[in-house]
Structures are given as C-alpha cells and as structure tokens.
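In: sharing a model that was predicted from the sequence below.
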Amino acid sequence: MKRFFKTLGLVVLRELKIIRIRPIFLLASVVVLAFNAFFYTTFLRDGLPHDMPIGVVDMDHSSTSRNFASQLDATQLGRVIHYDDHRVAQSDMQRGRIMGYVVIPEHFNAEVQAQHRPTLPFYINSLYFVGGALAYKDIMQMTILTGGAVERQILRMKGTNEREIMGRIQPIVLDQHQIGNTTTNYGIYLNNVLLPGVLEMIVILLIIYAVGQELKYGTSKHLLKMARGSMETAMFGKLLPYMVIFLALGLSLVFFLYHWMHYPLSGSIWNMCVGITALVLASAAVALLIISMVPTLRLAISVGAIYSILGITMAGFTLPVDGMPELIRPLAAIFPLRHYYLFYVQEGIYGAGFAAWWPYLVYLLLFLFLPALGFRRLRHAYEYLDYPRN
Amino acid sequence: MKLFRKDSYVRTWLHHAWEICNNELKMIFTDGGAIIIFFVGGLLYPVLYNYVYGVGMVDDMPVAVVDMCHSSDSRRFINKVDATRECEIAYDCIDMLEAEKLMQEQKVHGIIYIPSDFSEKLAHLEQATVSTYADMSSFLYYKCLTMGTSYVMLDELKTIQAEHYAAAGFSGEDAAMLIEPVRREENIPYNPAFSYTIFFLAAALMLAIQQTLFYGSALLAGTLREQNRSFASLPDRLQGVGMGRVVLGRAAAYMMVYTFVGTVVLFLVPWLFQYPQRADMWEVFILMLFFVADCIFFSFTWSTLIRRRETVFVLFLFMSPVLMFLSGVTWPESAFPDLWRWFSYLFPSTFGCRAFMNLNTAGGTIVTIAPQLFWITIQTVVYYMTANIAVFVENRVIKRRIERQAIRDRIAERLGIDRDKDAYIIGGKEGVERLRQRREGKIG
C-alpha cells in the first residue's frame, strides 16, 4: 500500500510538471470557463431585451395614429421608428434593422369613428428568434389595447358604467406565472444549463488531450514504467490533478450562479454541488472511453468536439427533446448534460429533493463504468504505441 | 515586353505564389484530418442539426387543467386550448396539488387553473381570471403555453362579447363593431410558425463555413509548426521578401477548396432539406465569395496562436456557441452591451450570418445586404494586413528560436526549475532528447 502511494505520488508530480510546461491546460479550463461565465452573464444581463426597434408606418397622420405610436414607444419592449413609406419599412425589416412594423392605413381614424372596422396590418420578422417573438407579443398587445380603447369610447357614449365596461371589453384576463424563473429572464434560463455544458465540453476535450498526448509524443511507455507497469495507477495518478481542477471549477460555477449571481434556486446549493460533481465525473468517464476507443489524439479530439457540442443541443433545454424527431429522442440519454439538466429541473426549479432526482444521479454515475469497456485497449495502446500518431 | 521577361518581378511573383498555392493544396489533400474537417465537418454539422431539430417545433405540449368551476364556460375554454396546435390537455386534475406534482414529474409542462367564480363573474359582466403556470425549464414550453392560452383568450373574448351584446340587444354590424372595432391582420412572412430550425440553420450554415475553415487551417498550421516547417519560414528562401506571396498563395488554395465547400453548404444542404431559398442564386454566390475571403484571412491571423496540431479544438471550440449569440439571430443586436457589440465586429460570422439570413431566407437582394458586405470588405482588408504581419513576426520568431530557448532556460534557472530533469520525468530519455533538439532549433 505504501508503495502504491509512493508510485502514485510520482505520477501525480509528473502530471503537475506537464501542466506547468504546457499553458494549454490552465488556459483551456480556468480561462475558458471564466470567459464563458463572464460572456453569458454580461451579454444577457438584461434578462429580456428591451427597447427593440419596431417600425410604425403612419399614413393616417391623425391623433389616433400618433397616440398609437407613442404608446407603443412607451412599452418596455418596444422603441418606435417612424416611417412614411411602407416599402422602406419592409426593406428595413428585411435588413434586420427592425423586428417588425405596424401599418396604420390612410383614413384609419375616420373609419374608426365611422365604425367601419378598419384593418390594422402588422408584420413580424420571425427570423430573429427572441426579438421577433417579443415584437409580436408587444404589437399584439398594443392592437388589443387600441381596440379596447375604441370599444370603451363607444360604450361610454352608450352610457355603460365604468365597472361593467372592463367586464365587457375584456371578460377574461390571463394571470400568468412562470415557475422557476418568475421574471422570464432569458439569461437565468440559459446560463443554468449552458455554463455546465461548457464545463462538460472542457472536461471532455482536456481529458482526451491529456491522455492522448502521451500517445502522440510517445511518452506513454515512460509513464507506465514510472507507475511500475500498472495502468490503473498510471491513469489514476494522471487524471487526479485534472479532476481536482475540474471539480474546483464545477463547485465554483455552482457558487457563482446561485450564491454570487443569486440565480433562483428552489432546492439546496449543496445538492447542486452533488449534481455538478456527478456531471464532471461522468464527462471524464466519457472522455476516457473516447480516447480508449480511438487511441489517436487527432481523431479522438474530433469525436470529443462533435460529442460535446451535440451534448449541449441534445440536453433539450433549447428545443425540448419532445420537439425532436422520434428516432433522435433516445439518443439524448448518451449525453451526461441531459441528465444533469433533468437533475437541475428537479432540484433547481421544483426543489423536489433526493426522492425526485436520484434516478438522474444514478444515470450520471452509470457513466463511470464506461472506461472499463476500453481500458484494455488503452493499456495496449500505451504499451505498444501501435496507432498512427497524427 | 519587359513585363513578360522570365525574371520580371510579376512573373517571379506569380511563379512563387503558384508554387505556394500548389504546396498548400497538396498538404490539404494529403492530411486526413484536414480533409475530414473541410469536407465532412462543413457538411456534417448542418445535416446533423437538421436531423436533431427536425421541424423545430413543440406541438401539442401536455398541459394539466384544474377546473374548479365545472361550467359550460370553463369547459369551452379548456376544449379550445386542447384544440390549439400548441397545447394538449393531458390531465384533468382535482386540485392544484395534483397538477403541481404532475409538472414536477415533467408529465406536463403547464397548468391552467380556472377558479370557481369563473362563470359567475362572466355572467355578472365582471372580469374573470384564468391563471396559467408555465414550466420554465425551457423557454419553448413557456412560449407554447402563452401562445396557446392567449389565442384562446382572444377567441373567447369574441364569443363572450357576442353573447353579452346579443343579450343587450346589439346584433350584426353593431355587435361586430363593438367586439372588434379594429381588425388585426398579422403577417409573419419569413418563418410563419416560428420554427426553431429555420432560424437556427440560417446562421448555422455560415457559421459552419467559418468554423471549419478556421479549425482546418489552424490544424494544418499547427502541424507544420510542430514539424518545424512553418510556411512563415518560406520568405527566407525568397531572400526575405514575399509575405504577400505566402499569404495570397495560401489564400488561393483555400479559396479553391472553399468555393466548392461553400457551394455545397449554402446550396446543397438547403436544397436537401427544402429550406426556404428566396434569393437570386448568383447573389448568394457573391456573398459567399466575399465571406470566404474574409474567413481565410481571419483564420490566417488567428491561427498564429496555434502551435500544435490538436490544440485548436481544445482552445477554441467553445467559441461556436458564443459566435451564434454574437450573430444576433437569437438575441437582437439592439440589446447587445457595447463591449460585446465591438467584440462581435472581430468575426466574419457576425456579418455573414445576418447577410445570409436577410438575403436568402428573407428574400432580399444584394442591395439589402450592402451594410454587411461593407463590413466584410473592411474586415478582409484588415485581416489581410494582419495575416501579413503575422507571417513577418512568426518568421522573426522562428529565426530566434535558439535564443528563445536560451531565455527560457535562464528564466527556469532563476525560478529553480531544472528543465532537463523535468523533461526526463515527463518523457524519459526521449524527452531529454527532444528538449536538446528544441534547444538546437531543430523542432518547434
């Protein structure tokens, strides 16, 4: 036992020297995660975009149309840009300068007063996803209000009392609640899963790189010799420093999100720590399997790159998995981030605790058996270096 | 004529550039990794995403309903929600507790609660409330519930108002005037159903071109540097001149490859998936040429940071999602913080994605995308110059390789690090040998 720890110490020490010589290990882990955390939290700091450019083509030039434009401008979401020509607005929307526009036709006011029910056309650029959807919501609400204002005017003229007017204009109101993200904050929604996704990507790429570079530079034989021929000791010692770095990053991420940034969290921060630890371990296991199956650094890195980018998509927090084609859905289970996301939904959004999330934790831990599948293959590659190096 | 003499400047220039271009092409086509990235990667990603996203919509999202009213009004409301494309009433719960449990178990992604006084309030001409609870684990769930219930709410307004006004003695045009004094006419021309795929793919195609070009060329550059035969050492053979030749010669090679790859990505992939193509083909082609030229010099400049073959993925893969956001297709550009707006100006994809979307998906013309083409041109010029500078600097650095190693030795000594011993611990005798070769300037 004492001998084992001594050997292990030597291997760990060697790995620390490698990390010291090659800046890539710290750059691609600590710096990359810090950059991403900084980027996404500052980029989406508003939660929801406000003052989006929305066009109003006023061909009526009446008090009603001016009133409409200024009210639209006063909404939190919109900022009105005035146009005189329908075609200019149309081409500006095509250029992505405005997210949508409303056309107030000629004689609009007169027709409203004459009770001719004029049409109010509006156009939305749905190619800009969040922007388009919000502009749609904003314009829609504005037109409903305009209709309501006209209706109110008529009802008043007919002598209906004020309390009844509201019941007549809008007999049903929706009282909307957003569970887990009460302010509909896009940044909170995204960062809760995207940043752990970036961490998963970092873990996968760096573990593949660390294990694979021994093969590429032919130093694996030396490592095995140092570990007294034991592949288990060699791998354990080699991965130990990285796992310490990654776990520290994972825990920092959890505290960054839920403690420092005060992201809403129904459950406990300690349970999230458990989740992220499992995510890091599972990702490392997948990485080890990839490099064992494809013991050529270049190929393994490419596989890891495709896998980790797809993992973010397949987690199902952008387009939900039920929206994907049926054949694709089961594939989501092969990505650790998918289980972490479901774990987060239970703990972070519903605070449902261990009873609800234990299956996801088990799935994540099941990934730990994966390296066993390719371990002999990797040992063979480490001993004989018989795979192409480039 | 002097211009055509064998040793004229123009002829030697062309001759050298041609040789460099040929050499680069040879390298591209003999390197398995580069071939995979250029020809498979550029195609694979868009195709893969198309399969993963499918139609890109969530239809009939399961919703639980808690109907405390049990009246014909509430039932009509619920049936209408069930009939929308967005929602499906999957469970009828007796109380909120049961519904909350279903949502927590992710069996439903929304709850509609109708209070017991719903129909009473309607009968008394007061405002009745319907509460909705959205599962925020995905924004699309939220969107489905909001849109589904809003449509029904608007539709119900008309039905209920018609009833009210009929009871009050209004009918026909009179009632219609009251119910809908202004008629809405919604037009959502480019992506009527708000499909995730259509919006995502427009940006993803251009991003695929830029990213594969960058990864592939950085991989080749890293390989050369590893093997100590960087293209930056070429000017030495040409007696110190010829940065332009090196940069333009290599660029020509990538231009040839990417005219092909770009055509496949921008024309074949959308055709395969019947993705809307509303622009003139030649205009898209012109945009592609501008964009590819920009991407080439962009890659030449930034790949200077890559010293080894595989490190480009490890260091820069995370940029792909970042660039997706910077292209402005998800988050509107008007909401960018200033720092990130300036940052986004560094990347061809920022303008490329927008231009492609406005041109191809929104059906614009070359005039529509003039502002983006303007920025792409500026970027091309700037990155061409920086690519030249990069070759110049790298050439200097290569020449000073031995001195650089000596400096590193001195620094290590001062910090108390024994480089030879470390090299032995890491790689054994071979490791020491490699360090010796590095000191002699034989490997990079």
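Out: Perfect, thanks for sending it.
In: tell me the buried residues in stretch B:327-334?
Out: Judged by neighbour count (16 or more other Cβ atoms under 10 Å in any protein chain shown), stretch B:327-334 contains these buried residues: B:Ser327, B:Gly328, B:Val329, B:Thr330, B:Trp331, B:Pro332, B:Glu333, B:Ser334. In this view, the C-beta of every residue, glycine as well, is placed from N, C-alpha and C.
In: what is the most widely separated pair among the residues you listed?
Out: Across the buried residues of stretch B:327-334, the longest distance by Cβ to Cβ is 14.1 Å; it joins B:Ser327 and B:Ser334.
In: just the strands in the stretch 51-200 of chain B please.
Out: Taking DSSP state E, counting those that start in this stretch, the strands of the stretch 51-200 of chain B run over residues B:61-67, B:87-93, B:110-114, B:128-135, B:183-187.
In: please state the offset of the first one from the chain centre?
Out: Centroid separation for strand B:61-67 versus its chain: 35 Å, with Cα atoms, centre = their mean, to the nearest Å.
In: tell me where the stretch 151-300 of chain A has strands.
Out: For the stretch 151-300 of chain A, applying DSSP E, counting those that start in this stretch gives strands covering A:172-179.
In: just the helices in it please.
Out: Taking DSSP state H, counting those that start in this stretch as the criterion, the stretch 151-300 of chain A contains helices spanning A:162-169, A:186-216, A:220-226, A:231-255, A:269-293, A:297-314.
In: highest average neighbour count across these?
Out: Taking mean count of other Cβ atoms under 10 Å in any protein chain shown as the contact definition, the stretch among the helices of the stretch 151-300 of chain A with the greatest mean neighbour count is helix A:186-216, which reaches a mean of 25.
In: got the contact list for residue 297?
Out: Chain wasn't specified; assuming chain A. Remark: with contacts taken as Cβ atoms under 8 Å, 6 or more residues apart in numbering or on different chains, A:Leu297 is in contact with A:Ile208, A:Tyr209, A:Gly212, A:Gln213, A:Leu215, A:Lys216, A:Ile291, A:Arg389, B:Arg309, B:Glu310.
In: that's the other chain; I wanted chain B
Out: B:Val247, B:Ala251, B:Thr380, B:Tyr383, B:Tyr384, B:Thr386, B:Ala387.
In: around B:Tyr51, how many other residues sit close by?
Out: In terms of burial, B:Tyr51 registers 13 neighbours under the definition other Cβ atoms under 10 Å in any protein chain shown.
In: I'd assumed A:Ile328 was in contact with it.
Out: Yes: counting by Cβ atoms under 8 Å, A:Ile328 is a contact partner of B:Tyr51 at 6.4 Å.
In: angle of the one helix or strand B:Gln210 maps to against helix A:186-216?
Out: Taking DSSP states H and E as the criterion, B:Gln210 maps to helix B:196-226. When axes from the mean of the first three to the mean of the last three Cα atoms, to 10 degrees is applied, the directions of helix B:196-226 and helix A:186-216 differ by 30 degrees.
In: near chain A at all, helix B:196-226?
Out: Yes: part of helix B:196-226 sits close enough to chain A to count as contact by Cβ under 8 Å from any Cβ of the partner chain, namely B:Tyr196, B:Ile198, B:Phe199, B:Ala202, B:Leu219, B:Thr223.
In: poorly predicted segments of the stretch 201-350 of chain A, please.
Out: Scanning the stretch 201-350 of chain A for pLDDT under 70 picks out no residues.
In: would you mind giving the domain segments of chain A?
Out: Annotated domains of chain A cover A:2-44+A:185-384, A:52-169 [automatic domain parsing].
In: so can I have CSV of those showing distance to B:Val66?
Out: Output for the domains of chain A, formatted as CSV (distance: least, Cβ to Cβ, whole Å):
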stretch, distance to B:Val66
domain A:2-44+A:185-384, 17
domain A:52-169, 23
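In: relative to B:Ser72, which of those is closest?
Out: Each of those has some distance to B:Ser72 by Cβ to Cβ; the shortest is domain A:52-169, at 18.5 Å.
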